[in-house]
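Enquirer: just coords:
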C-alpha cells in the first residue's frame, strides 16, 4: 500500500507541484499589495489546489504518453518500472482532473462569482486545459520541438496569472514581470532537458537539439536565462520595489549567471536542477522583499 501511494505521488512529480503551489499565492499576493483587503485566503487556497491537481494530472498524462520513451530515459519512473499499470495511471489522472475542476469552481464561489474574477480566471483555466490536451494529444505539440517547449512554459508561467486573476488583479504590472521570469526560466530548462534526452527522443520527437545541435541550444538556453534576469530586475528599477532591495535576489541571480560553465560542459542534468531551484529562490525572494 505504501509503495503504491509513493508511486502515485511520484507520478504527479512533487517537485513540480511545489513550484506550482508557490506561484498561485504569489500571484495573488502581488496583485493585492496595494489593497490587502481584496486578498481572499479561501479563494487562493482553492485555486492552489486546482493548480496542484491540474499539474499532477498533466504530469500523469505525460508519463502515460511517454511510457515507452521513459523505459530508456527514465526507467525509475512509476510506469516503466512497473510500480503502476497504465490502467491505474489513467484512473488516477481522471480523479485528479475532477478534483481540479471542483477546486476551480470552489475558488470562484469563494469570491461570490465576482465579474472581475470570473472572466480572466475561467479564461486562463480553459486555455490551460486546451494547451495541456494539445500538448500530449491532438496536434501533440510536445513532439514539435520549440513549439512544445513554449506551450509547457506558458502553462508554468500562467499559474502566476491564475493566482492574480483569482483575486481580481490580473492587470497588475508586477504580476506580468514575475510571469516573464517564470516563463523564460522554464523555457530555458525545457531546452536543456531536450539536450539531456536527445538520444532517447530520437524516432518519437523532433526537438531543437536534433535540428540545431546541443551546443547552440545550450547557448540559446543561457540567453533566455539572461532574459529572465531582466524581468527579475525591472520591478526593482521601475517599482514597486526599491533598487537596493535587489540584493535579496542574490541567491537566484547567482544560481542563474553561474550556469554558463555547466552549460558549456554539457552538464544538462545539473543545469536543469539549478534552474528550477533558481526559480523557486527568486519567487521566495520576491515575497521576502514585499515584506520589507
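Expert: Done, it's in. The structure presented is a predicted model; accordingly, all values stated were derived computationally and were not measured.

Enquirer: where's residue 191, which helix or strand?
Expert: According to DSSP states H and E, residue 191 maps onto helix 173-196.

Enquirer: got it, and residue 274?
Expert: Element membership for residue 274, per DSSP H and E: helix 268-290.

Enquirer: what of residue 62?
Expert: Using DSSP H and E, residue 62 maps to helix 41-65.

Enquirer: report the buried residues of that helix.
Expert: By 16 or more other C-beta atoms under 10 Å, the buried positions in helix 41-65 come out as 43-65. C-beta here means a position set from N, CA and C on the backbone, and glycine is covered the same way.

Enquirer: what's the angle from the helix holding residue 274 to helix 173-196?
Expert: On the basis of axes from the mean of the first three to the mean of the last three C-alpha atoms, to 10 degrees, helix 268-290 is oriented at 170 degrees to helix 173-196.

Enquirer: list the contacts of residue 282.
Expert: Contact analysis of residue 282 by C-beta atoms under 8 Å, 6 or more residues apart in numbering lists 181, 185, 232, 249, 252.

Enquirer: so which of those comes closest to residue 142?
Expert: Distances from residue 142 to those, taken as C-beta to C-beta, are shortest for residue 185 (19.4 Å).

Enquirer: from the chain's centroid, how far away is the helix holding residue 191?
Expert: Here helix 173-196 is found 8 Å from its chain centre; the criterion is C-alpha atoms, centre = their mean, to the nearest Å.

Enquirer: would you mark the buried spots in that helix?
Expert: Neighbour counts using 16+ other C-beta under 10 Å place 174-196 of helix 173-196 among the buried residues.

Enquirer: so which bits of the helix holding residue 274 are buried?
Expert: Using 16+ other C-beta under 10 Å as the test for burial, helix 268-290 gives 268, 271-272, 274-286, 289.

Enquirer: give the phi and psi angles for residue 240, as a check.
Expert: Main-chain dihedrals, residue 240, degrees, to the nearest 10: phi -90, psi 0.

Enquirer: nearest to residue 6 among the contacts of residue 282?
Expert: residue 185 (28.8 Å).

Enquirer: shouldn't that closest one be in contact with residue 279?
Expert: Yes - contact criterion C-beta atoms under 8 Å: residue 185 and residue 279 qualify, at 4.9 Å.

Enquirer: ok, residue 15 - contacts?
Expert: For residue 15, the contact set (C-beta under 8 Å, 6+ apart) comprises residue 276.

Enquirer: give me the pLDDT for it.
Expert: Looking at residue 15, its pLDDT is 78.

Enquirer: what about it, which helix or strand?
Expert: helix 14-31.

Enquirer: that helix: which residues count as buried?
Expert: Within helix 14-31, the residues scored as buried using 16+ other C-beta under 10 Å are 16-17, 19-31.

Enquirer: about what we covered before: so for the helix holding residue 62, mean pLDDT?
Expert: Across helix 41-65, pLDDT averages out at 89.

Enquirer: and for stretch 109-117?
Expert: Stretch 109-117 shows a mean pLDDT of 83.

Enquirer: what are the contacting residues of that stretch?
Expert: Defining contact as C-beta under 8 Å, 6+ apart, one finds that stretch 109-117 is touched by 40, 42, 43, 46, 108, 165, 166, 167, 168.

Enquirer: go through that stretch and flag the buried ones.
Expert: For stretch 109-117, the neighbour count (16+ other C-beta under 10 Å) marks 110, 111, 114, 117 as buried.
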